[in-house]
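Sequence first, then the predicted structure, then my questions.
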Amino acid sequence: MKSERVEESRRVGLFVTCLVDLFRPTVGFASVKLLENAGCQVDVPMAQTCCGQPAYNSGDRADAIAIARNTIEAFEDYDYVVTPSGSCAGMLKKHYPSLFKGDPRWEARAEAFAAKVHELVSFLVDVLGVRSVGAAHAGTVTYHDSCSGLRELGIREQPRNLLASVSGLELKEMRDSDVCCGFGGTFCVKYPEISNRIVEEKTANIRAAGAETLLAGDLGCLMNMAGKLERQGIDVKVRHVAEVLAGMDDGPAIGRGKG
Amino acid sequence: MQITSPAFKENARRALSDAQLQKALGHVRSGFIDKRQYAVEALPEFDALRDSARAIKDHTLAHLDLYLEAYEEKVKKAGGYVHWAETAADARNVILEICRAAGARTVTKGKSMITEEIGLNEFLEKEGVRPVETDLGEYIIQLRGEHPSHIIAPAVHLTRDQVEADFRRAHDHLPVARDLSEPESLLGEARRVLRYQYFQADVGITGANFLVAETGSSIIVTNEGNGDLTQILPRVHVVVASIEKIVPTLEDVSQILRLLARSATGQDMSVYTTLSTGPRRPGDPDGPDEYHVVLVDNGRSSMLGTEFQDMLRCIRCGACMNHCPVYHAVGGHAYGWVYPGPMGAVLTPSLVGVDKAGHLPNASTFCGRCEAVCPMRIPLPKMMRHWREREFSRGLNPATQRYGLRAWAMFARRPKLYRLASSFGIPLLSFFKGRKGSFRYLPLAGGWTRHREMPAPEGRTFMQQWRDRDAQKQEARA
């Protein structure tokens, strides 16, 4: 009876993120596993698409608001809304309320929704108090701090703490791990040359760290860095941090084939 | 100054392939950031000071007219003149009149971004008055016929070798065999050459980091001492300052000063912090006979009460550009006008129009590092987004972007349609990857694949797989 009540208070709606849904479902399943292992009951509402950042950051408020309303309606009944991305979590938590400022019907609703939103790793550590994930990963990794997670949500130590609990894993910090990788959503296709210069700087630091695997908490940044490493022929595997924490790191790395 | 912001993309491309510039920008990436970090860590109350400074400026901006008029009274009482200039042209004309009245043929100048903004040097030259920049960085770029690429380090885009070559070219009266291999020797040579100019100048023009309403003082902070000589030695001192430089009291200034140098260069204080209040009084050992202040609006008052008002808190420390990955990549000139980096991306559209400067607020990854280091807590990414909103609502961004966005939004707003399209399209895209995990080329994604591989989808979408898993669970239960 008691344990049931605990579970009831941990009903989590997983916001998968559009990139994970389309490109890397493994991250979604890793998130579900981590949350279920921590005692959560995980649901994936079918009415979700994208957090709306492409519209919001392009100045298109009307579409951003329409998408935000859908998302809020789909998730507001859960105890928590969790997402494996600092960037999308930042959008849901910090920017949705600003979209509805002054709207009598939606402002309070957006605030209440935002209060339930958490990025996956910080949710595990800060809310659920997870200290160890019981995974194993034989090898060296380096960790990139994605901008929104770091600066909007203060995610820095949480992934490092959980990675320290992974047996066999050794973290080799790169220089400037907190500097942008140059992805920036639509920025990378609007200003491809500048984006390229920034990611070159990043891959140089990744290479210099000398780790076998690069981890981060945002698929957008990971795809950018993986794509550049691949193009440069730098042999570093790229994964979402949730894959390693959930012990689901035996499939091909991001951008790598089966062969 | 000619605006090349509309050509930002071409400017950026040129900058990225300029080896000298890229070498020089390496120093921005390493030098400023570490020094600021040490200085901030050594001051536990830094964040509390930021809050206080923001409150001081917000209060001042809310009562800007009051404080400006109070300031004017104090300047007059001290024997100085205040000139109100609504536009850049007004400011230029007032300054020229002062120079003409003083019979000036040479004016020395301290470092000042507002005189760049109003295009003072070109104007004075055309009118037969010779401006001589006395800040080392400004002096170098004046020799080269360039404009500053950074608001506190105007020549940061140059390497030492380039400066040596410029000095050898410009100072051809000095011995060819002299040693200029150290930065100190370059500084020494500039000092010796400039020293003579101070005595020739009839008017000295400086900017102001702050104007103090309580006392009618203008304040400059410098490291080379050139500002002091510029304002003390000539007969006439002209202060050119934009209206948001006003601060109520000396106590307020002393708080903000604790943030300024730390954020800018990582110094606790600049070497010189110089207050000027009116002309020389009887009994004063030195100082100018005449003291003028030109208060420049040039579009700032129209920012008041808008979503861009917070930008007027800016104290021009340069921390935002020192920490900006885009600035690090392309340098200051690519931005195409006076103010580069994140602060320029917000301020330039306000002052010259977003139709000309539209690229600037778009050329940001929104990494948020600028806001994280801004001593005045200016929400720079948020304001860049506001500019993007204005561009979008005015239809200023490229048609391809607009149509792409519209098409994407049509799906993103309709979950069922989105699901249908993605459960068809993603497995198809995944099919084409073959045994490889990424694409070298992908139609419509040239901006991405020109520089990097495009990781391919793993296979079916998460949602497809999740639905199957749910269905299997239900079957098992039934």
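Everything's here; your move. Numbering: from 1, shown residues only, chains lettered A, B, ... in the order given.

CA atoms for contacts and neighbours, from now on please.
Noted.

where in the stretch 151-259 of chain A is pLDDT low?
A:259 (pLDDT under 70).

what mean pLDDT does whatever helix or strand residue B:10 lives in have?
Counting by DSSP states H and E, the element that carries residue B:10 is helix B:8-16. The average pLDDT for helix B:8-16 rounds to 98.

Can the very next helix or strand once past it be said to contact chain A?
Toward the C-terminal end, the helix or strand that comes next after helix B:8-16 (DSSP H and E) is helix B:19-41. No - under the criterion of C-alpha under 8 Å from any C-alpha of the partner chain, chain A is not reached by helix B:19-41; the shortest gap measures 10.4 Å.

Show me what counts as buried in the next helix or strand along the chain from helix B:19-41.
Sequence-wise, the next helix or strand downstream of helix B:19-41 (DSSP H and E) is helix B:46-62. Buried residues in helix B:46-62, defined by neighbour count with 16 or more other C-alpha atoms under 10 Å in any protein chain shown: B:46, B:49-50, B:52-54, B:56-58, B:60-61.

The helix holding residue B:10 and chain A in contact?
Yes - contact of helix B:8-16 with chain A (C-alpha under 8 Å from any C-alpha) involves B:9, B:12-13, B:16.

Kindly present the buried residues of helix B:46-62 as TSV, with separate columns for distance to chain A.
What follows is the buried residues of helix B:46-62, written out as TSV (distance: C-alpha to the nearest C-alpha, whole Å):
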residue	distance to chain A
B:46	18
B:49	20
B:50	17
B:52	21
B:53	21
B:54	20
B:56	25
B:57	23
B:58	21
B:60	26
B:61	23
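
that older thread, by neighbours, which of the residues of helix B:8-16 next to chain A wins?
residue B:12 (24 neighbours; other C-alpha atoms under 10 Å in any protein chain shown).

what's residue 216 in contact with, if anything?
Went with chain A since none was named. A:143-146, A:222, A:239-241 (C-alpha atoms under 8 Å, 6 or more residues apart in numbering or on different chains).

not quite, I wanted chain B
B:71-75, B:78, B:277-278.

at 10 Å what do you get?
B:68, B:70-78, B:80, B:246, B:248-249, B:275-278 (C-alpha atoms under 10 Å, 6 or more residues apart in numbering or on different chains).

Just want the phi and psi numbers for it.
phi 80, psi 20 (degrees, to the nearest 10).

Please identify which helix or strand holds residue B:142.
With DSSP H and E as criterion, residue B:142 is part of helix B:136-144.

quick one: the helix holding residue B:10 to chain centroid distance?
18 Å (C-alpha atoms, centre = their mean, to the nearest Å).

cool, and stretch B:87-106?
The answer for stretch B:87-106 is 26 Å, by C-alpha atoms, centre = their mean.

Surely residue B:389 touches residue A:63?
No - contact between residue B:389 and residue A:63 fails when scored by C-alpha atoms under 10 Å: they sit 11.8 Å apart.

can you list residues touching both of these two?
A:55-56.

which one is residue A:221 nearest to, not counting chain neighbours?
Distances taken as C-alpha to C-alpha, 6 or more residues apart in numbering or on different chains place residue A:183 nearest to residue A:221, at 5.7 Å, with adjacent residues excluded.

Against residue A:48, how distant is residue B:430?
Applying C-alpha to C-alpha, to the nearest Å, the value for residue B:430 to residue A:48 is 22 Å.

Neighbour count: the two, which is higher?
Set side by side, residue B:430 and residue A:48 show more neighbours around residue A:48, with 28 against 23, by other C-alpha under 10 Å.

Might one say that the more buried one is in contact with residue A:74?
Yes - because the distance of 6.9 Å satisfies C-alpha under 10 Å, residue A:48 is recorded as touching residue A:74.

can you list residues touching both of the two?
By C-alpha under 10 Å, 6+ apart, the residues touching both residue A:48 and residue A:74 are A:15, A:68.

so who does residue B:478 touch?
Contacts of residue B:478 (C-alpha under 10 Å, 6+ apart): residue B:472.

do you know how far it is from residue A:80?
Residue B:478 is 30 Å from residue A:80, by C-alpha to C-alpha.

do residue B:193 as well
From residue B:193 to residue A:80 the distance is 68 Å (C-alpha to C-alpha).

go on, residue B:18?
50 Å.

more crowded one of the two?
Between residue B:18 and residue A:80, counted using other C-alpha under 10 Å, the more crowded position is residue A:80 (23 against 12).

Would you mind giving both backbone torsions of that one?
phi -140, psi 150.

List the contacts of it.
Residue A:80 makes contact with A:9-14, A:40, A:42, A:113-118, A:123, according to C-alpha under 10 Å, 6+ apart.

again with residue B:249
Contacts of residue B:249 by C-alpha under 10 Å, 6+ apart are B:56, B:67, B:211-217.
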